[in-house]
Structure formats: structure tokens, C-alpha cells
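Enquirer: fold the following, please.
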Amino acid sequence: MRRLMMLLLMMTVAGCGDGNATEAGATEQFTQGGVSMEPTVTAGQVITARTVTGTYEPRRGDVVLFRSPGGVWGERTVPLLKRVVAVGGETIVCCDTAGSVTVDGKPLDEPYVIEDASLDEPPKPNYCGPRRFAAVTVPADSVFVMGDSRARSNDSRCFGPVPASSVFAVKVD
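Expert: Below is the predicted model of the structure:
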């Protein structure tokens, strides 16, 4: 009974708005299962995320939990944790002459990327090892997500954008 009460308490904690058009939901805790978001979130680390109760309005930089949309992303039931790097209507590519990811021709400042993928490895379909990928214009109502540990992340570089409707929570800082 005590555990049920704690769960109910955790689920009923309401959040304040943060300027995002997303309707704020309760906060929940999730345990990161892999290394794709290191050093921001380490394997086994428990994070707090605010559930999306309305339509998720994506913002570049959000760290989101989403369910696999199927297809090449697989039929996983375990939530995936990645960072939104581009939103609907933006064009993302890697790399510019400095080796940076660019969105709409402007290089991103990504201080959270500590372990980047190889720049010299040629792109391979359905494999996220190389850093380089061709230009992608993100469809409306979608997000392009990448792990912070690019050398160890399977993400939109090889699987493509994710429908924003697949996002069910946003990490709380």
C-alpha cells in the first residue's frame, strides 16, 4: 500500500509551465538503460521527466523519452532517450568543414557531445557508426534525435526522424 501511495504521489505532482506550448504533465522517474546519452545521462542513472499530456511542441536541445515508431527503429517497448537536434521544417546535415552538425546551414554548439563518432568512416545504411550523414529535411510534426555519445548511439542518423507524437516525456533538468 505504501508503494502504491508513493507511486500515486509521484504521478500527481503537477508541473509549472516553462514557456513551451506542451501541456505539462506529472513527473515520472525513468532509469537509463544504455550509454547513448553519456555523459549527460549515464547507464543506470535515474532521471526525472515531465510527461506530455497534450501535443509535444519540440524544441531543439530537449532530452526526450519516446517509444519506437516501429519500422527500422524496431518494435521496442523500452522507452528510448535521445536529444532533439532538429525539428520539423529544419534541414540537418553532418558535417561542415569543421566537422560540426549543421541545422539550416548553421553549426550547432554541442558542448554535451564528449565522445563523437568517427569523421573519417564512410556512411553506412542502418548503422550509426560514422558521424557523417546526408542532409535530411525533418518532416513537420517530427524530430531528429541523436544521442550525446555519438560513437555509441543508434539514432536518427541511421533510422531517420521520429514522429513528435512518439515523444511521451521531456527530461527535467
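Enquirer: which neighbouring elements make contact with the helix or strand hosting Val143?
Expert: Assessed by DSSP states H and E, Val143 sits inside strand 142-146. Under the contact criterion of 3 or more Cβ pairs under 8 Å, 6 or more residues apart in numbering; DSSP states H and E, strand 142-146 touches strand 63-66, strand 80-87, helix 156-159, strand 162-163. C-beta coordinates here come from the backbone N, C-alpha and C atoms, glycine included.
Enquirer: how about the contacts made by the residue lying closest to Gly74 once chain neighbours are set aside?
Expert: Of all residues not flanking Gly74 in the chain, Ser68 sits nearest, at 5.4 Å (Cβ to Cβ, 6 or more residues apart in numbering). Taking Cβ atoms under 8 Å, 6 or more residues apart in numbering, we find Ser68 in contact with 74-76, 80, 166.
Enquirer: what about Ser68, distance to Pro163?
Expert: 11 Å (Cβ to Cβ, to the nearest Å).
Enquirer: repeat that for Ser36.
Expert: 20 Å.
Enquirer: where does the prediction get shaky in the chain?
Expert: In the predicted model of the chain, residues 1-24, 123-127 satisfy pLDDT under 70.
Enquirer: what segments of the chain are helices?
Expert: Remark: helices assigned in the chain by DSSP state H are 2-12, 156-159.
Enquirer: ok, and for the last one, which residues are buried?
Expert: So that's helix 156-159. The neighbour-count check on helix 156-159 (16 or more other Cβ atoms under 10 Å) flags 156-159 as buried.
Enquirer: ok, of those residues, which one's closest to Phe133?
Expert: Arg157 (4.6 Å; Cβ to Cβ).
Enquirer: skipping adjacent residues, who's closest to Ser100 in space?
Expert: Closest residue to Ser100 apart from its sequence neighbours, by Cβ to Cβ, 6+ apart: Pro107 at 3.9 Å.
Enquirer: and the closest residue to Cys158 other than its chain neighbours, what is it in contact with?
Expert: Nearest residue to Cys158, sequence neighbours excluded (Cβ to Cβ, 6+ apart): Cys128, at 4.3 Å. Counting by Cβ under 8 Å, 6+ apart, Cys128 touches 117, 150, 153-155, 157-159.
Enquirer: likewise for Ser36?
Expert: Residues counted as contacts of Ser36 (Cβ under 8 Å, 6+ apart) are 81-82, 147-149, 152-155.
Enquirer: center of the protein - which residue?
Expert: Nearest to the geometric centre of the chain sits Lys82, at 2.4 Å (Cα atoms, centre = their mean).
Enquirer: run through the bridge partners of it.
Expert: Val64 (DSSP bridges).
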